[in-house]
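1. Following is a predicted model, sequence given first.
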Amino acid sequence: MNTNVLWLLSTVLIAAGLAGIVLPALPGTLLVLAGILLGAWIDDFTRVGWFAVSVVVVLALLAWAMDYVAAMLGARRAGASKQAIVGAAVGTVAGLFMGIVGIFIMPLVGAAVGEYLARRDHGRALHVGISTWLGLMAGMLAKFVLAFMMIGVYVVALMF
């Protein structure tokens, strides 16, 4: 296969990965990592060596952990029920079909509805919904930062 096509594929994977950080249907960090690994492989790991690849893999693992930890901390801090957690997950999936606003708002709605169904308390449901949503947003922000760090390590390794 032509190396120009491979470099293009590497770039497309990284770009799709950045989109996947916001769109839960795409495995964002995994796509960024795949694009970086492809770029390193194309060059026979000469410019992007094993040290850089190892750093990128560690950053990817941190990003995956942030996905779960941030949302759980937000929910746990608010004392969310299991129904609220399930509601946030269902809201996230439903939000995919509602565009960018749905992606950001539906996890909050799902968590609030789940909490309301569990405890029948409007105020508590809203509090849990907001806390869970803040956790999801913090996790998304952390994944963006880590993804850009991964890309930064890759670009620096390519250039030097």
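-> That came through, no problem.
2. what's the first-to-last distance across stretch 89-107?
-> Length of stretch 89-107, first residue to last, CA to CA, to the nearest Å: 7 Å.
3. what about that stretch, distance to the chain center?
-> 14 Å (CA atoms, centre = their mean, to the nearest Å).
4. what about residue 60, helix or strand, and which?
-> Using DSSP states H and E, residue 60 sits in helix 50-77.
5. The very next helix or strand once past that helix - contacts with which helices or strands?
-> Sequence-wise, the next helix or strand downstream of helix 50-77 (DSSP H and E) is helix 82-96. Helices and strands touching helix 82-96, by 3 or more CB pairs under 8 Å, 6 or more residues apart in numbering; DSSP states H and E, are helix 50-77, helix 99-119, helix 122-159. Where you see a C-beta, it was placed from the backbone N, CA and C, and this is true even at glycine.
6. Can you give me the buried ones in helix 82-96?
-> For helix 82-96, a neighbour-count test (16 or more other CB atoms under 10 Å) marks 83, 84, 85, 86, 87, 88, 89, 90, 91, 92, 95 as buried.
7. for stretch 29-46, same thing?
-> In stretch 29-46, counting by 16+ other CB under 10 Å, buried: 29, 31-40, 42-43.
8. Tabulate these (TSV), appending pLDDT, distance to residue 151 and secondary structure.
-> Below are those laid out as TSV (pLDDT from 0 to 100; distance: CB to CB, whole Å; DSSP: H, G, I helix; E, B strand; the rest coil):
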residue	pLDDT	distance to residue 151	secondary structure
29	92	11	helix
31	96	12	helix
32	97	7	helix
33	97	10	helix
34	97	13	helix
35	97	9	helix
36	97	7	helix
37	97	13	helix
38	97	13	helix
39	96	10	helix
40	96	13	helix
42	95	16	helix
43	90	16	coil
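9. I'm done for today, thanks for sticking with me.
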